[in-house]
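Colleague: Here is my input, please return the structure:
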Amino acid sequence: MSDPVTGETEETQQPPLLRIVKGDPTPQEVAALVSVVSAMAAGAAEAAANQKAPKPEWSAHHRKLRPTHRHGAGAWRNSAR
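Modeller: From the prediction side, this is the model:
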């Protein structure tokens with residue numbers, strides 16, 4: 001069965017995003033609530049988009065640097081450590 005106003009069938013109808021459980025809010029109060037919730041959702045989405053992904057260790061600067069080689073007895077053997 002389809003809705004005569006929207007043309008949607010029962011399977012495609014989604015539950016409402018907000019539901020007033022108690023009280024009788026005015027349309028202005030509902031509009032204010034929707035705008036606050038929308039702004040919070042947009043702010044959360046923007047914060048998630050701006051969050052930097054961690055750099056992989058392959059590009060870490062400290063990986064490119066090698067410690068100095070020790071000189072003296074056994075230095076050649078210890079250079080592989």
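Colleague: buried ones in the host helix or strand of Gly43?
Modeller: For Gly43, the host element (DSSP states H and E) is helix 27-50. By 16 or more other CB atoms under 10 Å, helix 27-50 has no buried positions at all. From N, CA and C alone the C-beta is placed, and that goes for glycine too.
Colleague: Just the mean pLDDT for it, thanks.
Modeller: Mean pLDDT, computed over helix 27-50, is 87.
Colleague: ok, the residue positioned nearest the centre of the chain to Ala41 distance?
Modeller: With distances taken as CA atoms, centre = their mean, Ala48 lies nearest the centre of the chain, 3.4 Å away. Separation of Ala48 from Ala41 (CB to CB, to the nearest Å) stands at 11 Å.
Colleague: Same check on Lys52?
Modeller: 21 Å.
Colleague: In terms of helix, strand or coil, where does the residue of the chain positioned farthest from its centre fall?
Modeller: Largest separation from the mean C-alpha position in the chain: Ala73, at 55.0 Å (CA atoms, centre = their mean). Following DSSP: H, G, I helix; E, B strand; the rest coil, the label given to Ala73 is coil.
Colleague: What are the phi and psi values at it?
Modeller: phi -70, psi 130 (degrees, to the nearest 10).
Colleague: helix, strand or coil for Lys22?
Modeller: Assignment for Lys22 (three-state DSSP): coil.
Colleague: pLDDT score for it?
Modeller: Lys22 is assigned 89 on the pLDDT scale.
Colleague: burial measure for it, as a count.
Modeller: 5 (other CB atoms under 10 Å).
Colleague: what do you get for the one 4 residues further on?
Modeller: Residue crowding around Thr26 was assessed by other CB under 10 Å; the count is 8.
Colleague: And the helix holding Gly43, what does it pack against?
Modeller: Contact partners of helix 27-50 among helices and strands, from 3 or more CB pairs under 8 Å, 6 or more residues apart in numbering; DSSP states H and E: none.
Colleague: mind checking how far that helix is from the chain centre?
Modeller: From the chain centre to the centre of helix 27-50 is a distance of 16 Å (CA atoms, centre = their mean, to the nearest Å).
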